[in-house]
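S.K.: Structure for the following, please:
(2 chains)
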Amino acid sequence: MADYITKDDITNINFNKTSESVRDLYVSYANKEIEDLAERLGVMDVTEIVTPIHYKIKKWAINMALSLYSQDLIGANSIDIGYVDLYKDMFERSQYLINQQQPDITYEMLTGTVTSRSDRTTSFGRVVRG
Amino acid sequence: MISLNVNLTFRPTNLPRYQEFVNKRLNEASKLIAKLIERYAQEEHRYEHRTGTLKSATKSTSYSTATKKIISSYIDDGIADYGKYISKGFKSWEPDPFISDAIQNHWSEIMAIIDRHLEMALNDTFN
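M.R.: Next comes the predicted model:
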């Protein structure tokens, strides 16, 4: 599996405080998520994904790593300190960003073949039968 | 000889604060260690995957009691009841203790996580 993002790409202070092997773990999950998204968008061979990866995809993957990290830690600090669960907040924020950024990612951006403006847009239409 | 004198003004009011943060950060550390052991046990073993059942039966959780943080790594009998024969060996099968191997082989990483999180607790207290 290629390293589309590395742990140095992530600038979240709370994430960077933790130890190196933990950061490696979540970054490797995020890299797998990029390949998963690519397959869903029609990139059948993951070697077609160009590196360095598109900025927008990198942003999405960083949020994915933070989301998976915070998901595992929800409830870890919910003892009586007097503030809300830090990780629940981090999870909700990263999920919001993932949902916002994911529709912007296209097949052409993953494979580095953006040639026209239409390669940067996705349209969503719900197909209804009735 | 070089000596370093550090004068930490540890006010009595900081102590309960420190205790709370240590508890909090150790909760985090044990959750992350559980996750890491689970992954190593799922990926580093001698047996070969055919259906992935034993992989999904390899689990790790963490919980705490009043004085201890407990990380428990186990094979879920309900998912793969043959897991115990693979890990402990059976008749002609050589034992493949992939869970205890995962813990032993990555002991220094586990300790590094605990170290890091105790350091974070100290930072939390003074910041």
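S.K.: does any bit of the longest helix that chain B contains sit next to chain A?
M.R.: Criterion DSSP state H: the longest helix present in chain B is helix B:14-43. Yes. Counting by C-beta under 8 Å from any C-beta of the partner chain, chain A has neighbours in helix B:14-43: B:20-21, B:23-24, B:27-28, B:31-32, B:35-36, B:39. Just so you know, the C-beta spots here come from the backbone N, C-alpha and C atoms, and that holds for glycine as well.
S.K.: Need those residues in TSV (columns: neighbour count and pLDDT).
M.R.: Formatted as TSV, these follow (neighbours: other C-beta atoms under 10 Å in any protein chain shown; pLDDT from 0 to 100):
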residue	neighbour count	pLDDT
B:Glu20	18	85
B:Phe21	23	87
B:Asn23	16	87
B:Lys24	21	88
B:Asn27	21	89
B:Glu28	25	90
B:Lys31	22	92
B:Leu32	27	93
B:Lys35	21	92
B:Leu36	23	92
B:Arg39	17	92
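S.K.: Just flag the most distant two among those.
M.R.: Pairwise distances across the residues of helix B:14-43 next to chain A (C-beta to C-beta) peak at 29.6 Å, for the pair B:Glu20 and B:Arg39.
S.K.: Let me see the backbone angles for A:Ile62.
M.R.: phi -60, psi -40 (degrees, to the nearest 10).
S.K.: For the nearest residue to it once chain neighbours are set aside, list the residues it contacts.
M.R.: Nearest residue to A:Ile62 in three dimensions, chain neighbours excluded: A:Ile10, at 5.4 Å (C-beta to C-beta, 6 or more residues apart in numbering or on different chains). Taking C-beta atoms under 8 Å, 6 or more residues apart in numbering or on different chains, we find A:Ile10 in contact with A:16, A:23, A:27, A:62, A:65-66.
S.K.: swap in B:Met120?
M.R.: Taking C-beta under 8 Å, 6+ apart, one finds A:17-18, B:21, B:25 in contact with B:Met120.
S.K.: try A:Asp119
M.R.: By C-beta under 8 Å, 6+ apart, the residues touching A:Asp119 are A:106, A:108-109, A:113.
S.K.: count of residues packed around residue 56?
M.R.: All of this is about chain A. Using other C-beta atoms under 10 Å in any protein chain shown, A:Lys56 has 15 neighbouring residues.
S.K.: Chain B is the one I meant
M.R.: Neighbour tally, B:Ser56, other C-beta under 10 Å: 12.
S.K.: Let's verify it: helix, strand, or coil?
M.R.: Secondary structure state of B:Ser56, per DSSP: H, G, I helix; E, B strand; the rest coil, is helix.
S.K.: If we ignore the residues flanking it in sequence, what's nearest it?
M.R.: Using C-beta to C-beta, 6+ apart, the nearest residue to B:Ser56 is B:Ile79, at 6.1 Å.
S.K.: who in chain B is up against chain A?
M.R.: B:20-21, B:23-24, B:27-28, B:31-32, B:35-36, B:39, B:106, B:109, B:112-113, B:115-117, B:120.
S.K.: what do you get if the cut-off is 7 Å, keeping everything else the same?
M.R.: Residues of chain B lying close to chain A (C-beta under 7 Å from any C-beta of the partner chain) are B:20, B:23-24, B:27-28, B:31-32, B:35-36, B:39, B:109, B:112-113, B:116, B:120.
S.K.: of all those, which two lie farthest apart?
M.R.: B:Glu20 and B:Arg39 (29.6 Å).
S.K.: now the helices: where do they sit in chain A?
M.R.: A:13-17, A:20-40, A:55-73, A:86-101, A:107-111.
S.K.: residues contacting residue 58?
M.R.: In the absence of a named chain, chain A is used. A:5, A:9 (C-beta atoms under 7 Å, 6 or more residues apart in numbering or on different chains).
S.K.: Switch to chain B, please.
M.R.: Contact partners of B:Thr58, counting by C-beta under 7 Å, 6+ apart, are B:38, B:41-42, B:75.
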